[in-house]
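Undergrad: Sequence below, structure please.
(one chain, ligands or ions: 1)
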Amino acid sequence: MSRVAVVTGGGSGMGESTCHELGRRGHKVAVLDLDEAAAQRVADDLRADGVTAVGIGADVTDRQVMADSFATVRSELGPTTILVTSAGLFGFSPFVDLRIEDWERVIAVNLTGTFHACQLAVPDMLDAGWGRIIMISSSSAQRGSPEMAHYAASKGGVVSLTRSLAREYAPHGITVNNIPPSGIETPMQHQQQAAGILPPTEQMAANIPIGHLGTGDDIAAMVGFLSSDEAGFITGQTIGVNGGAVM
Ligand code: NAD
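TA: The predicted model follows:
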């Protein structure tokens with residue numbers, strides 16, 4: 001069955017891979033990203049593959065812009081019944097030096113931005129009596145990350161948001177899960193390596209039992225499954241896709 005999917009952060013990395021996976025599954029896809037050109041590029045690529053798609057430039061932290069974006073999706077594609085929140089902002093600072101503005105921005109993008117997207121999508125899902133929400137969290141929420149307190153705290157909030165929404169909406173046919181990635185090769189990871197925050201790829205791979213890093217397609221495959229009818233008995237879960245790096 002063809003449904004309407006919104007992917008925040010769909011202009012890059014695992015969000016982009018997810019847009020293509022959902023398109024391959026026959027869904028209409030709204031690519032939402034702060035980088036409007038990237039959102040349009042991904043939407044163009046999807047259309048070239050025969051997928052009905054729109055690209056939307058939007059900052060997930062801006063409630064009005066997000067409300068307008070979901071209204072655009074509703075008028076151009078239809079009501080949203082699949083939501084994937086992949087928009088994310090990385091942060092790195094020793095805890096005592098962490099500036100309040102950096103704390104607030106990371107929380108705003110990763111947690112409050114996820115809240116806005118969920119709150120704007122759920123009414124359509126309630127109307128449909130069916131919905132799938134898949135949030136991208138982080139392994140940092142599972143094991144903690146030194147010098148990334150704001151990032152890990154924001155992602156821990158995403159894990160708790162998952163559990164609460166799952167219990168609230170389970171009676172309405174809406175499932176809510178999150179995927180905490182670790183070691184996925186994306187532009188974000190390459191930026192962290194270039195800044196010396198993450199070690200080189202070979203060194204990272206040595207700490208992953210499967211022996212190599214993952215790709216956006218590895219995450220997209222799990223998103224695809226969790227968005228399907230077959231995954232209807234899975235909700236409130238944190239499902240790692242990490243090569244065995246976090247057990
Ligand atoms: P990426 O940088 O390739 O993609 C993130 C996208 O989010 C970008 O297109 C960016 O423009 C968009 N974005 C950032 N701020 C936004 C905002 N305010 N509004 C709308 N869009 C915004 O990175 P990625 O690695 O694909 O990351 C996707 C998600 O996975 C993020 O939430 C990230 O925290 C999480 N994550 C990634 C890894 C990894 O190994 N790459 C590990 C753990 C968690």
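
Undergrad: Go through the helix or strand where residue 103 lies and flag the buried ones.
TA: Using DSSP states H and E, residue 103 sits in helix 100-107. Neighbour counts over helix 100-107 (16 or more other Cβ atoms under 10 Å) mark 102, 103, 105, 106, 107 as buried. Where C-beta positions appear, they are placed from N, C-alpha and C, glycine not excepted.

Undergrad: what number of residues lie near residue 197?
TA: Counted with other Cβ atoms under 10 Å, residues neighbouring residue 197 total 14.

Undergrad: gap between residue 20 and residue 92?
TA: Distance of residue 20 to residue 92, computed by Cβ to Cβ, to the nearest Å: 29 Å.

Undergrad: Correction: the previous question concerned residue 114.
TA: Remark: distance between residue 114 and residue 92 (Cβ to Cβ) = 20 Å.

Undergrad: Of these two, give the one with the bigger neighbour count.
TA: More crowded of residue 114 and residue 92, by other Cβ under 10 Å: residue 114, with 28 against 18.

Undergrad: Give the full set of residues in contact with the nearest residue to residue 183 once chain neighbours are set aside.
TA: Closest residue to residue 183 apart from its sequence neighbours, by Cβ to Cβ, 6 or more residues apart in numbering: residue 213 at 4.8 Å. If you count contacts by Cβ atoms under 8 Å, 6 or more residues apart in numbering, residue 213 has them with 183, 184, 185, 189, 201, 204, 205, 243.

Undergrad: okay, now the nearest residue to residue 232 once chain neighbours are set aside: neighbour count?
TA: Spatially, and ignoring its direct neighbours in sequence, residue 232 is nearest to residue 175 (6.5 Å; Cβ to Cβ, 6+ apart). If you count neighbours by other Cβ under 10 Å, residue 175 ends up with 23.

Undergrad: Report the distance from the strand or helix carrying residue 175 to the chain centre.
TA: Using DSSP H and E, the element containing residue 175 is strand 174-179. Computed by Cα atoms, centre = their mean, to the nearest Å, the chain-centroid distance of strand 174-179 equals 11 Å.

Undergrad: Ok, stretch 32-50 next?
TA: Using Cα atoms, centre = their mean, the offset of stretch 32-50 from its chain centre is 16 Å.

Undergrad: where does the protein dip in pLDDT?
TA: Under the criterion pLDDT under 70, no range of the chain is flagged.

Undergrad: so what's the residue nearest to residue 60 when sequence neighbours are not counted up against?
TA: Nearest non-adjacent residue to residue 60, counting by Cβ to Cβ, 6+ apart: residue 113, 3.0 Å away. Residue 113 is in contact with 8, 59, 60, 61, 66, 85, 87, counting by Cβ under 8 Å, 6+ apart.

Undergrad: State the helix or strand in which residue 14 lies.
TA: In this assignment (DSSP H and E), residue 14 forms part of helix 13-24.

Undergrad: So which elements touch that helix?
TA: Applying 3 or more Cβ pairs under 8 Å, 6 or more residues apart in numbering; DSSP states H and E, we find helix 13-24 packed against strand 4-8, strand 28-33, helix 36-48, strand 82-85, helix 216-226.

Undergrad: Quick one: these as CSV, columns for distance to the ligand and mean neighbour count too.
TA: Output for those, formatted as CSV (distance: least, Cβ to the nearest ligand atom, whole Å; neighbours: other Cβ atoms under 10 Å):
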stretch, distance to the ligand, mean neighbour count
strand 4-8, 6, 29
strand 28-33, 5, 30
helix 36-48, 6, 18
strand 82-85, 8, 29
helix 216-226, 6, 21
